[in-house]
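*Asks:* one predicted model, sequence on top.
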Amino acid sequence: MNRASENISFIELVHSIKKKVDFLKTKSLLIIAIVLAFGISGFFYKKYVGPTYKASLTFVSENASGDKIGAYAGIAAQFGIDLGQSGGGIFEGDNLLELFKSKKLIIKTLLSPVDQTSNKRLLIDDYLDNTGLSKKLQHIISSPNYFLVKEHNRTRDSILNSVYYNIHKFQLIVEKKDKKTGIVNLEFVDKNETFAKQFIEQLSNNVIQFYSDYKTKKSTESLSFLQNQADSLKNLLNQSISNEAETNDLNINPNKQILRVSSVKRRIDVTANTQLYSEVLKQLAIAKITLLRETPLIQVIDVPILPLDKVGMGKGITAILFAMIGFILTVSFLLIKQQIRAYK
């Protein structure tokens with residue numbers, strides 16, 4: 001009995017499917033027309049939207065640690081200088097990647113000039129033109145030099161924050177290719193390939209400069225201070241030597257000991273200043289080696305080269321996808337409509 005019921009149910013299912021297929025055949029011209037309309041719409045939509053380009057940049061960062069520190073320490077030890085150990089910074093390792101996504105550096109990149117020889121047009125101007133936002137905001141951006149003004153204002157900052165959010169969430173990808181090698185890959189997608197190339201190159205330059213300045217700030221300040229001290233002591237030592245020479249040229253009577261006091265004082269000044277100058281030179285050498293040690297080595301491996309790679313689907317694939325969506329929607333609508341009529 002159950003087997004017979006199953007056979008009947010299967011036959012009914014096949015019959016139901018056959019009826020639906022026959023019904024759809026009667027609507028074949030309508031289905032074909034809608035599918036073609038969707039396909040053509042997809043083709044022209046992709047043509048209107050245009051292609052999206054991907055700019056890729058790869059670099060490797062070497063921190064001042066391990067073999068590098070050992071090499072500098074070995075050189076310094078030959079001169080009796082102990083460099084000690086260098087502590088890590090907050091931008092070591094994966095934290096360096098977050099610099100590329102930081103609001104400060106992305107906005108700084110947007111406010112960078114398109115042409116380094118002229119500050120009249122910024123990358124933010126190109127971005128707004130490429131996205132069509134410049135027309136929507138033309139009642140706000142009344143001057144071509146709107147973003148060149150250094151003073152902050154609410155509207156200007158709001159536009160920059162909105163652009164930053166869009167870039168951070170949808171256009172910029174920062175990732176390590178391999179945790180062991182430390183190779184970092186940057187990707188930026190945009191509809192304008194020239195802008196994509198300029199933006200990612202300028203962003204990498206800003207991050208590398210910021211990172212290097214951060215790593216070497218203390219060492220640079222120490223070096224500048226010691227260099228000033230060394231210059232001052234050198235001038236003082238030269239003056240002491242000149243004073244001693246002038247005193248010796250006076251041909252003081254050797255029987256008058258009191259007259260020799262001035263010469264002895266001048267000689268003591270020369271000796272003391274010589275020792276001070278030697279110590280400062282030693283500290284200056286340490287500061288120079290420390291600065292060299294703390295300066296990070298960031299080597300760019302690959303840079304974006306025009307023409308850039310296109311990402312996403314082409315016009316043909318988009319047309320096929322739209323046609324499939326049109327087919328599914330049309331068939332679903334017709335079958336649901338038929339089912340509703342059957343229940344009435």
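*Replies:* Yep, it's here.
*Asks:* name the helix or strand for residue 175, please.
*Replies:* Assigned by DSSP states H and E, residue 175 belongs to strand 172-178.
*Asks:* strand partners of that strand, parallel vs antiparallel please.
*Replies:* Partner strands for strand 172-178, per DSSP bridges, with pairing direction: strand 183-190 (antiparallel).
*Asks:* same for the next helix or strand after the strand it pairs with, what does it pack against?
*Replies:* Proceeding N to C from strand 183-190, the next assigned helix or strand is helix 193-248, under DSSP H and E. Contacts defined by 3 or more C-beta pairs under 8 Å, 6 or more residues apart in numbering; DSSP states H and E place helix 193-248 against strand 52-62, helix 95-100, helix 103-110, helix 123-131, strand 183-190, helix 261-294, strand 297-302. Yep, even glycine has a C-beta here, placed from its N, CA and C like the rest.
*Asks:* mean confidence for helix 193-248?
*Replies:* Taken as a whole, helix 193-248 has an average pLDDT of 80.
*Asks:* got the angle between it and helix 123-131?
*Replies:* 180 degrees (axes from the mean of the first three to the mean of the last three C-alpha atoms, to 10 degrees).
*Asks:* tell me the angle of helix 193-248 relative to strand 297-302?
*Replies:* Angular relation of helix 193-248 and strand 297-302 on a 0 to 180 degree scale: 150 degrees, by the same axes, to 10 degrees.
*Asks:* which residues touch the residue lying closest to residue 281 once chain neighbours are set aside?
*Replies:* If you skip the residues right next to it in sequence, residue 281 has residue 230 as its closest partner in space, 6.2 Å away by C-beta to C-beta, 6 or more residues apart in numbering. Contact partners of residue 230, counting by C-beta atoms under 8 Å, 6 or more residues apart in numbering, are 277, 280-281, 284.
*Asks:* now the angle between strand 52-62 and the strand holding residue 175, please.
*Replies:* An angle of 50 degrees separates the directions of strand 172-178 and strand 52-62 when computed by the same axes, to 10 degrees.
*Asks:* how about strand 172-178: buried residues?
*Replies:* 172, 174 (16 or more other C-beta atoms under 10 Å).
*Asks:* buried set for stretch 149-166?
*Replies:* Neighbour-count burial for stretch 149-166, counted by 16+ other C-beta under 10 Å, picks out 156, 159-160, 163-164.
*Asks:* just the buried subset of the contacts of residue 230, written out for PyMOL, thanks.
*Replies:* Buried members of the contacts of residue 230 can be picked out in PyMOL with the line below, counting by 16+ other C-beta under 10 Å:
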select buried, resi 277+280+284
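*Asks:* okay, the contacts of residue 230 in JSON lines with pLDDT and distance to residue 37 next?
*Replies:* Below are these laid out as JSON lines (pLDDT from 0 to 100; distance: C-beta to C-beta, whole Å):
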{"residue": "277", "pLDDT": "75", "distance to residue 37": "88"}
{"residue": "280", "pLDDT": "77", "distance to residue 37": "84"}
{"residue": "281", "pLDDT": "81", "distance to residue 37": "84"}
{"residue": "284", "pLDDT": "77", "distance to residue 37": "79"}
